[in-house]
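Engineer: Provide a 3D model corresponding to the input given below.
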Amino acid sequence: ARLLVAAPGLAAQEVAGRIEGYPADHIPAGHFGKGVYFRLTGKAPFERLIYPPPIPGALGTHYRKDLGGQAVFGPDLVWVETEDYWVDPDKAAEFEGYIRRFWPSLPQGALTPDYAGIRPKLHGPGEPQPDFQLRGPEDHGIAGLMALFGIESPGLTSSLAIGEAVAEALVDD
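Structural biologist: Model prediction:
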């Protein structure tokens, strides 16, 4: 291939390490940031998104309505070593406490476990949170290769802008 964009998310460091000639010292450390979500039983209480202040390393537990109009809260952030998508129902109490900071009248026991996701982080616990990285030929020396690291939200939200940046970097006018 003349051009290659490596954007494998959680496996970005592993994939870059398998690319012949990719300098190992140019592969940033990777970490897994797991976040779980809880769903509200009953009617959604708010029409708009609610984003409380961020937590260290992430945006924090926020409120949104899904496409079906149900209320969803999450994600939190827990550092994990392996991919594990189980949601511990006992975390509902922790979520209730957090949510009551912006919605004091949350009914007791109204949260049910929903789902979990794992985000590819470029920082670990207690480290400063860098932006995601687009590593092109000027960084690693391989013509036609763009390696993407740490593409998590809001990187996914910015995917069109990221695609434009990658295309500009790799394609000659």
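Engineer: what sits against residue 98?
Structural biologist: The neighbours of residue 98, taking Cβ atoms under 8 Å, 6 or more residues apart in numbering as the test, are 52, 61, 76. Backbone N, C-alpha and C define where each C-beta goes, glycine included.
Engineer: got the domain boundaries for this protein?
Structural biologist: Per the record, the chain has its domains at 4-28+126-170, 31-121, by automatic domain parsing.
Engineer: Tabulate those domains (JSON lines), appending mean pLDDT.
Structural biologist: Formatted as JSON lines, the domains of the chain follow (pLDDT from 0 to 100):
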{"stretch": "domain 4-28+126-170", "mean pLDDT": "93"}
{"stretch": "domain 31-121", "mean pLDDT": "95"}
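Engineer: circling back to that earlier point, adding distance to residue 117 and neighbour count, write the contacts of residue 98 out as a markdown table.
Structural biologist: Shown next, in a markdown table, are the contacts of residue 98 (distance: Cβ to Cβ, whole Å; neighbours: other Cβ atoms under 10 Å):
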| residue | distance to residue 117 | neighbour count |
| --- | --- | --- |
| 52 | 19 | 14 |
| 61 | 13 | 24 |
| 76 | 11 | 20 |
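Engineer: Out of these, which comes closest to residue 13?
Structural biologist: residue 76 (23.8 Å; Cβ to Cβ).
Engineer: Make JSON lines out of the contacts of residue 98 and add secondary structure.
Structural biologist: Shown next, in JSON lines, are the contacts of residue 98 (DSSP: H, G, I helix; E, B strand; the rest coil):
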{"residue": "52", "secondary structure": "coil"}
{"residue": "61", "secondary structure": "coil"}
{"residue": "76", "secondary structure": "coil"}
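Engineer: Which strands and helices lie in contact with the longest helix seen in the chain?
Structural biologist: Looking across the chain with DSSP state H, the single longest helix is helix 159-170. Contacts defined by 3 or more Cβ pairs under 8 Å, 6 or more residues apart in numbering; DSSP states H and E place helix 159-170 against strand 133-135, strand 145-149.
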